[in-house]
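> model this:
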Amino acid sequence: MVLTHATLLLPLITGVFATYICRYEHQQNAWKQLGALPLRRMHVYMSKYVLVAFLIGIIQALVLAGLFMVGLLQGFSDPFPWDSVVTSIFWGWVACLPLIALQLWVSTAWDSFAAPLAVNVVFTLPSILIANSENFGPWYPWAQPFLMMVQPLQEGSDFAVSLTTLFIVITGSFVVFLGSGSLYFSKKTM
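Residues are numbered from 1 along each chain as shown. Predicted coordinates for the structure are as follows:
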């Protein structure tokens, strides 16, 4: 369940939430109305980012509850591995933060609802193959949730990507994507 969720569903859901959070402003031409309010653009952008991150956190909590309930319903007698599963769920959420920033940037830049979703789908599907690459896997934002969720669950992970490399790449891409997106949004003509 974690493999499918981390590889496909989580990156796709982040794109849906990021696109949907900007949909109303694009449909109703509410960016101009929002710009006329006494709000700083940075606050608007960051509130949208925090809302999407919060929603992804809820999705991760639901996955954790689902894993626990499946174990109960199937009657597994072993104790639930809380440490590794909670760690996996948490780091999957952390790995989604740069992806949320990137997709929010794209969603605010394009007026279309379908275009950012199409871009998200097009870049999510190759992540299945790219995640297995030692050279490209950690650098690909759509593969980072998978890599971060699978490694805590496997003691001797088959993936040659070190956690240190992932932390550096995730932190760096988070700063670049969030900074670039908020800078674009603050300079955007509405």
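
> helices along the chain, start to end?
2-4, 10-27, 30-36, 41-74, 82-109, 114-124, 127-130, 144-150, 163-187 (DSSP state H).

> least reliable of these going by mean pLDDT?
Looking at the helices of the chain, the lowest mean pLDDT belongs to helix 30-36 (a mean of 78).

> related to what we said a few turns ago, could the helices of the chain go into a markdown table alongside distance to residue 137 and mean neighbour count?
All C-beta atoms are positioned from the backbone trio N, CA, C, and that covers glycine. Output for the helices of the chain, formatted as a markdown table (distance: least, CB to CB, whole Å; neighbours: other CB atoms under 10 Å):
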| stretch | distance to residue 137 | mean neighbour count |
| --- | --- | --- |
| helix 2-4 | 15 | 13 |
| helix 10-27 | 14 | 20 |
| helix 30-36 | 36 | 13 |
| helix 41-74 | 21 | 15 |
| helix 82-109 | 12 | 22 |
| helix 114-124 | 14 | 17 |
| helix 127-130 | 6 | 16 |
| helix 144-150 | 6 | 27 |
| helix 163-187 | 9 | 16 |
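
> can you put the ones you listed in TSV and add distance to residue 138?
Listed next are these as TSV, based on distance: least, CB to CB, whole Å:
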stretch	distance to residue 138
helix 2-4	18
helix 10-27	15
helix 30-36	35
helix 41-74	20
helix 82-109	10
helix 114-124	15
helix 127-130	10
helix 144-150	7
helix 163-187	5
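
> wait, what's in contact with the closest residue to residue 18 other than its chain neighbours?
The shortest distance from residue 18 to any non-neighbouring residue, by CB to CB, 6 or more residues apart in numbering, is to residue 103 (3.9 Å). By CB atoms under 8 Å, 6 or more residues apart in numbering, residue 103 lies in contact with 14-15, 18-19, 116, 120.

> who's in contact with the residue lying closest to residue 186 once chain neighbours are set aside?
Spatial nearest neighbour of residue 186, excluding adjacent residues (CB to CB, 6+ apart): residue 41 at 4.6 Å. Counting by CB under 8 Å, 6+ apart, residue 41 makes contact with 35, 185-186, 188.

> need the max-distance pair from the contacts of residue 103.
By the measure CB to CB, 14 and 116 form the most distant pair in the contacts of residue 103, at 10.9 Å.

> what about residue 113, neighbour count?
Residues near residue 113, counting by other CB atoms under 10 Å, number 15.

> could you find the closest non-adjacent residue to it?
residue 23 (5.3 Å).

> rewinding a little: let's have the contacts of residue 41 in CSV, adding distance to residue 162.
Shown next, in CSV, are those (distance: CB to CB, whole Å):
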residue, distance to residue 162
35, 44
185, 34
186, 36
188, 38
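
> find the residue at the geometric middle of the protein.
In the chain, the C-alpha nearest the mean C-alpha coordinate belongs to residue 96, at 2.8 Å (CA atoms, centre = their mean).
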